[in-house]
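In: Requesting a structural model of the entry that follows:
(one chain, ligands or ions: 1)
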Amino acid sequence: MHYLIKKSYTELFNEEPDFDAKLMYSKAFKGYNAKVVYSRDYKEFRLSHSWKEVSDEIKIGLLQSLMNKIQSTDISTVNIDLYNIFLKKIPALTPKTKTDNILEDSFERINSQYFNGLLLKPNLEWGGKNFRTLGTYDYNTDTIRISRILKKDQMLMDYVMYHEMLHKKFRYKNTGKRTIHHSREFREQEKKFLEPDMEKKLTNFLRKEKIRESFWFN
Ligand SMILES: [Zn+2]
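Out: Here you go, the predicted model:
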């Protein structure tokens, strides 16, 4: 067993691990993604390549967070604190390689109107023509992705951009067992969008676009 897994487990649970485990670095993950694939007797911790350069102390925090998750425990350690501090620094560590003029204008409009221009610019890219996922914020690569169908409606695009920027601002709350993405403070700030009835406008827009699409494909 990899010494880091053994150390992480022993310091978290105060007992020796009673399973087999492996630590792997995967090129399949972007940014600082990581996951654990597990059964009762075997656990495989898969970390993105970027983790190779990170110090052992922070890596232990990552492994312990994953262990908390699979064991449904919520034990805190100094290493987990270090890991959480590290996560906050990811945007500064991530090179900005992707952008787009339309998305950048949208980001700047929202940033100056709602964030006093203080939010650092993330990677910005268009997603596919997705009706269900209109936008995402990926914490591990500091990337906002906006569905291509919003390209034709600036106000709706700005609204979805605003939502994703709030994710970047608030990040998520980790209680160990549960991850809260839309906290109360998130929802309260989301309501401050100046244009009224945005959810309704979004629904109407999507309905019309779906009808158009279905005619195209018939
Ligand atoms: Zn959201």
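
In: give me the low-pLDDT residue ranges for this protein?
Out: Flagging of the chain using pLDDT under 70 yields the residue ranges 174-177, 216-218.

In: now the helices for it?
Out: 3-13, 56-71, 78-93, 101-114, 154-170, 184-190, 198-217 (DSSP state H).

In: which one of those lies closest to D142?
Out: Taking C-beta to C-beta, helix 78-93 is the member of the helices of the chain nearest to D142, at 4.2 Å. Yep, even glycine has a C-beta here, placed from its N, CA and C like the rest.

In: between that closest one and helix 56-71, how big is the angle?
Out: Here helix 78-93 runs at an angle of 110 degrees relative to helix 56-71 (axes from the mean of the first three to the mean of the last three C-alpha atoms, to 10 degrees).

In: What lies in contact with helix 78-93?
Out: If you take C-beta atoms under 8 Å, 6 or more residues apart in numbering as the criterion, helix 78-93 is touched by 8, 11, 31-32, 54, 57-58, 60-62, 64-65, 68, 120, 122, 139-140, 142, 168, 171, 174.

In: at 7 Å instead, please
Out: With contacts defined as C-beta atoms under 7 Å, 6 or more residues apart in numbering, helix 78-93 is touched by 32, 57-58, 60-62, 64-65, 120, 122, 139-140, 142.

In: How about stretch 56-76?
Out: 4-5, 7-9, 12, 34, 36, 38, 45, 51, 77, 79-80, 82-83, 86, 175-177.

In: do the same with stretch 12-28
Out: Residues outside stretch 12-28 that contact it (C-beta under 7 Å, 6+ apart): 1-2, 4-6, 9-10, 41-49, 51-52, 64, 67, 75, 77.

In: How far away from the center of its chain is stretch 187-206?
Out: Distance, stretch centre to chain centre, for stretch 187-206: 22 Å (C-alpha atoms, centre = their mean, to the nearest Å).

In: now do stretch 165-180
Out: For stretch 165-180, the distance from its own C-alpha centre to the chain's C-alpha centre is 9 Å (C-alpha atoms, centre = their mean).

In: looking at the sheet around K22, what are its partners?
Out: E44 (DSSP bridges).

In: how near is it to M67?
Out: Per C-beta to C-beta, to the nearest Å, K22 is found 14 Å from M67.

In: So which of these two has more stuff around it?
Out: Between K22 and M67, M67 has the larger neighbour count (other C-beta atoms under 10 Å), namely 23 against 13.

In: Show me the domain layout of the protein.
Out: With automatic domain parsing as the criterion, the domains of the chain are listed as 3-93, 101-217.

In: Compute the first-to-last residue distance for stretch 41-55.
Out: The straight-line separation of the ends of stretch 41-55 (C-alpha to C-alpha, to the nearest Å) is 28 Å.

In: Next, the buried residues of it.
Out: K43, F45, R46, L47, S48, S50, W51, V54 (16 or more other C-beta atoms under 10 Å).

In: Looking at the residues you listed, spot the one nearest G127.
Out: Using C-beta to C-beta, S48 comes nearest to G127 of the buried residues of stretch 41-55, at 20.7 Å.

In: Isn't that closest one up against A34?
Out: Yes: the criterion here is C-beta atoms under 7 Å, and S48 meets it with A34 at 6.4 Å.
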